[in-house]
Each structure stands twice: as structure tokens, then as C-alpha cells.
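J.: Build the 3D model from these lines:
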Amino acid sequence: MPPTLTEAFPPLPLRELLDLINEFEVSSPAAKNSAITRLVAHHAVLSVEWGQDWRYRRVRKLDPEQQVTNADHVIWRKGQSAAPGRVNPANFDILYLADRLYTAFAEARVTDDRVAVAEFQILPGRSVRLCPIGELFQIQRTGHGFVSGDRSSAISRLLNACQPLDVAKAMLITDAFLYQLVTGQDDYEVSAQVTMSIFERLPGITAIAYSSRLQPGAINVATRVEHFWDDWGLTSVRSGHAKHLACGFYEFSDVRHVEAVAADGKFTWSDHVQAENELLMFRPPWTPGDIRGDLR
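T.: Numbering: from 1, shown residues only. Next up, the predicted model:
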């Protein structure tokens, strides 16, 4: 028989794990980094092959007269040092995407602002290796993962096969604690140490999925930018005025779309105002070197 998850990836002994967790908050930054590295090294880090399934959004707040004229204006900050974020330390480029439009508005701290919205999709025939933070404990508690979909049942069976009980508990507590470190606070040094340890342990992973703190139930995807355009394409760009109504719901008005993209990424904007729920998409998605004027 093949090994169980805990046989293949033995977690720290339960008592040692609990001591580490109880001492974590009062530990020095160096001790915290060391503890995180140990946890990730012993953990059954889950990764999934993620293909063309959905569109992911990025929102940028704009000044009143600011114009977005090129694809470089809706991606990561090219030519500038990356600021620390939830998934990245300083100088480590990551593109943060959200699963839905309102999630992207919330993550950009939109209240009553002009915005640019870009949507991205994994290209046909391509896939990325994605690590969903907290997927194991989410499946154990609810039967369904954040991103696993139909695979949740198979993962649940793997979890149920783990013995003895204290070892299974140690694995799930580790998963829940790493999830808490990434999503449950705003100490980016700690959260980024978790994700960087995952990237270092499993270099094939190019993206991290994690729950949004600002939009309950929503998911963010943070992807490394090396070779980004090999796997992802730009599917639409629009601008408008976004206003928070209440409870994570927004009004999006005065919406205009990009109607063509040149090979160098230069945008041609439509003069027509569209409704909030209308979307003009590039088919197929645009990547650098393409010309996309065939919007549908």
C-alpha cells in the first residue's frame, strides 16, 4: 500500500508543535523565521494543477485625471522595487489577483474612487502549479476545499487514512497555523516567510491561493511574475468609478473598455459607456506581441 500523507510527510510531534505555537508570538523575528521554515519542511504542502477555469481581477486606484494607456499600467510595478506584501518580501515581484470584481475592489481598499480593472486568465493548453494555503484543514472541517472542487472528496479520503490520531492532528494543526500566519494578521514579514518557504521547498509552485481578509468567502491568487506571460493572458481592461455601498458590495459606474491592444501593449479605449455587468473580452487573451481588436 502507498504511504499515507503523514507517513510520507511526518509532521512535528504534537507536543513539540504545540510548544512551538504557544511560544511563537513572543519569539524573536529570527526564531519565528526558523519555526516557519521547520513547519513547512515537515508539512504535507498541497499543490494543485490549475488550468483555464476562471478570470482573475486586478484593480488599480487612479487619480482623478490619471490615464491607463498601456498593459504595463495594469500589471506589477515594472522597473520599481516591489514593496512588501502578504505573499512577498521586498524586491520579490508578485502579481496579486482576486477571484471576483468585488474582491478586487475590497483588496484595493476602494471606497469612492476612479479605478482601472484588468482581468487575466490562464491561457488555453497551459496550467500553473498552485498552492492553496489551509486547504487540508478546510477540507477536514467542511468537506470542501477553497480551490480543490471535485478533488476535495479524494483529499478527504487521504486525510481519513492518516493514523495515529495525534499525528493526524499535528498535520492539520500545522496546516491551520500556517493558514493563520498568512491570512490572520498584517505582519507581512511573517506571512511572506511562510510563502517564501513554500516556494523554496517546492520550486515548481508558481502561485499561492489564500482567503481574502477583506471579503469573507473570497479567494486571492498571488502569482510569481517570472514567465507570467507564458501561462497567463489579459482578457479585458476597463475603467470607471467604484463606490462601496455596504458589506462588500459596490456600485461601478461610468464604465469604459479597452477595445484594442497593440503588440507593444498600447491601449485603444472605447468612447462608449457600458453598464456595470457588461464586459468586452479579448478572444483569445492578449499576450505581449499580439494585437487584439476582436472584442466580443
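J.: CA atoms for contacts and neighbours, from now on please.
T.: Will do.
J.: all strands of the chain, in order?
T.: Applying DSSP state E to the chain gives strands spanning 48-50, 56-62, 94-98, 112-122, 128-132, 207-211, 219-224, 232-246, 249-261, 267-269.
J.: separation between Leu111 and Gln67?
T.: Careful, residue 111 is Thr and not Leu. 19 Å (C-alpha to C-alpha, to the nearest Å).
J.: list the contacts for the most centrally placed residue in the chain?
T.: In the chain, the centroid-proximal residue (C-alpha atoms, centre = their mean) is Val221; its distance is 1.3 Å. Neighbour list for Val221: 96-99, 207-210 [criterion: C-alpha atoms under 8 Å, 6 or more residues apart in numbering].
J.: wait, which of these is closest to Arg141?
T.: Distance to Arg141, by C-alpha to C-alpha, is smallest for Tyr210 among these, at 16.6 Å.
J.: wouldn't the closest one be in contact with Thr223 here?
T.: No. Look at Tyr210 against Thr223 with C-alpha atoms under 8 Å: they stay out of range, at 11.4 Å.
J.: Give me the residue ranges of the stretch 101-250 of the chain where confidence is low.
T.: In the prediction, the stretch 101-250 of the chain carries no residues with pLDDT under 70.
J.: Helices along that one, start to end?
T.: For the stretch 101-250 of the chain, helices defined by DSSP state H, counting those that start in this stretch occupy the ranges 101-107, 135-142, 152-160, 165-183, 188-201, 228-231.
J.: I'd like to know which of those helices is closest to Gly289.
T.: Using C-alpha to C-alpha, those put helix 228-231 closest to Gly289, at 10.4 Å.
J.: isn't Ala262 right up against Asp290?
T.: Yes. Between Ala262 and Asp290 there is a contact under C-alpha under 8 Å: 6.9 Å.
J.: Please say which of the two ends up with more neighbours.
T.: Ranked by neighbour count (other C-alpha atoms under 10 Å), Ala262 and Asp290 place Ala262 first, with 18 against 14.
J.: what's the distance between that one and Phe228?
T.: 19 Å.
J.: List the contacts of Tyr250.
T.: 102, 242-244.
J.: what's the burial count for the residue lying closest to Gly217 once chain neighbours are set aside?
T.: The shortest distance from Gly217 to any non-neighbouring residue, by C-alpha to C-alpha, 6 or more residues apart in numbering, is to Ser211 (7.0 Å). Ser211 has 21 neighbours, counted by other C-alpha under 10 Å.
J.: again, but for Pro3
T.: Count around Pro3 with other C-alpha under 10 Å applied: 11.
J.: just Gln67 next, same as before
T.: Neighbours of Gln67 using other C-alpha under 10 Å come to 12.
J.: same check, this time on Asp166
T.: 13.
J.: If I follow the layout properly, it ends up in contact with Leu14?
T.: Yes. Counting by C-alpha under 8 Å, Leu14 is a contact partner of Asp166 at 6.4 Å.
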